[in-house]
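> only geometry, no sequence info:
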């Protein structure tokens, strides 16, 4: 069965790889599965066809035969479970890889997404300037113990897994803020993720799409 | 192998069931597995013994033989995978149950936890009063599409699953704010979850512990 994912027709980041389709593309590249992309305009995200795929009107989604999934974490989980390459074979190690997926999405990413709220949703509020450092401090409170746990290891628990794929995808959204560089071992961890050939292919694919969609002839 | 979880010795909510050990207890009750509880003081959460279990210094954790997990989502997933009762047997339905777990934890809970930030972490800031309605509005933006998707069904996708267990656990934290009651079908959904005998047992167990820890003779 062929796999089709959805992505922004015009990614708001212009192809920096921060949209969540990149992590799904990355997972598919790691396990060597081809996929099609259905690019969606901002308007199409709110139409009933897409709301049927994802009630929250977001990308990415994943379609394969009769199965339709949303939530990047659930999609990466599904790919990792179905195809070899992203979960260790040992049962306990696999449970820990899944633990790091949830930790990235529930204990780390929410603090990082608050930057978007502070800078954009509340960017015109009188407290915007004074509040941003508090948001940054809450992110640091999450990164400090994460850096301690990673130590000088390459990956969070033995070999590279879906847990690292999600954690790296979450952390790299921090780079524009400068906070990631305050934690050199985490910055190096993210760089190791980005250096993987599968990530490179995923990044190139989303960039090519963003560039094609933005060219005048497209 | 016996199961041991960690929980607050003195839950900050005084036994209202809002601490995250409740969802783990609930999952264990649904699948009929006994468990031991290791109550931890706020001080013990920051000690190396516990940071080894969870680098973020939080409860709950889950120990079973050599396996030690943190993150309530990962723990509930592990229980649902290991014991019958929380995942459907159909592969696509199982993938969707897992999707709802991730959706609850990554698309719904972060907006709800911002109430804690607004009321407590930033409760003394000059913007606290004016900002809270914005936080509430972002929660409503998540609940509206969720209510549409649930419709008049009992559960999110067929039979009760781990996806409902996590979603109900996330939503019930909203009750004190009054926002849940603005969405009667979601309030009824949460009430259906709370009415399950397994939830009742889990709630009673965490309340008994909170009460015992708070009594003068304890």
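Perfect, I can see it now. The structure presented is a predicted model; accordingly, all values stated were derived computationally and were not measured. Residues are numbered from 1 along each chain as shown, chains lettered A, B, ... in the order given.

> and residue A:175, what pLDDT?
Among the per-residue scores, residue A:175 holds a pLDDT of 88.

> SS state for it?
Here residue A:175 is recorded as helix under DSSP: H, G, I helix; E, B strand; the rest coil.

> what about the strands in chain A?
Counting by DSSP state E, one finds strands in chain A at the ranges A:3-8, A:36-40, A:61-64, A:67-70.

> partner strands of the second one and their direction?
Looking back up the chat, that one is strand A:36-40. Using DSSP bridges, the strands paired with strand A:36-40 are strand A:3-8 (parallel).

> which parts of chain A are helices?
A:21-30, A:42-45, A:48-53, A:72-82, A:91-102, A:109-116, A:128-150, A:162-171, A:184-195, A:197-214 (DSSP state H).

> the second one: how far from the chain's middle?
With Cα atoms, centre = their mean, to the nearest Å as the basis, the distance from the averaged C-alpha position of helix A:42-45 to the chain average is 20 Å.

> do that helix and chain B meet at all?
No - Helix A:42-45 lies out of reach of chain B by Cβ under 8 Å from any Cβ of the partner chain, never closer than 11.7 Å. For glycine as for every other residue, the C-beta is placed from the backbone atoms N, C-alpha and C.

> related to what we said a few turns ago, pick the most deeply packed of the strands of chain A.
Each of these was scored by mean neighbour count; the highest is strand A:61-64, a mean of 22, by mean count of other Cβ atoms under 10 Å in any protein chain shown.

> do it and chain B come into contact?
No - between strand A:61-64 and chain B, judged by Cβ under 8 Å from any Cβ, nothing touches; the nearest distance is 9.3 Å.

> centroid-wise, who is the farthest residue in chain A?
For chain A, the largest distance from the centre (Cα atoms, centre = their mean) belongs to residue A:126, which lies 31.1 Å off.

> with distance to residue A:181 and mean pLDDT as extra columns, can I get the strands of chain A in CSV?
Converted to CSV, those look like this (distance: least, Cβ to Cβ, whole Å; pLDDT from 0 to 100):
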stretch, distance to residue A:181, mean pLDDT
strand A:3-8, 27, 97
strand A:36-40, 32, 97
strand A:61-64, 33, 98
strand A:67-70, 33, 98
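
> contact partners for the spatially closest residue to residue A:20 that is not a sequence neighbour?
Spatial nearest neighbour of residue A:20, chain neighbours left out: residue A:72 (4.3 Å); criterion: Cβ to Cβ, 6 or more residues apart in numbering or on different chains. Applying Cβ atoms under 8 Å, 6 or more residues apart in numbering or on different chains, we find residue A:72 in contact with A:20, A:21, A:23, A:24, A:60, A:166, A:169.

> same check on residue A:8?
Contacts for residue A:8 (Cβ under 8 Å, 6+ apart) come out as A:19, A:21, A:39, A:40, A:42, A:59, A:210.

> just checking, the last one touches residue A:14?
Yes - in terms of Cβ atoms under 8 Å, residue A:210 counts as a neighbour of residue A:14; the distance is 5.9 Å.

> settle it for me: which of those two has more neighbours?
residue A:210 (22 against 12; other Cβ atoms under 10 Å in any protein chain shown).

> contact partners for the more buried one?
A:8, A:10, A:11, A:13, A:14, A:15.

> how near is it to chain B?
For residue A:210, the distance to chain B (Cβ to the nearest Cβ, to the nearest Å) stands at 24 Å.

> just list the residues touching the closest residue in space to residue A:99 that isn't next to it in sequence, thanks.
Nearest residue to residue A:99, sequence neighbours excluded (Cβ to Cβ, 6+ apart): residue B:74, at 3.9 Å. Neighbouring residues of residue B:74 by Cβ under 8 Å, 6+ apart: A:95, A:98, A:99, A:101, A:102, A:103.

> export the residues you listed as CSV, with columns for pLDDT and neighbour count.
Output for these, formatted as CSV (pLDDT from 0 to 100; neighbours: other Cβ atoms under 10 Å in any protein chain shown):
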residue, pLDDT, neighbour count
A:95, 98, 22
A:98, 98, 26
A:99, 98, 25
A:101, 98, 29
A:102, 98, 26
A:103, 98, 28
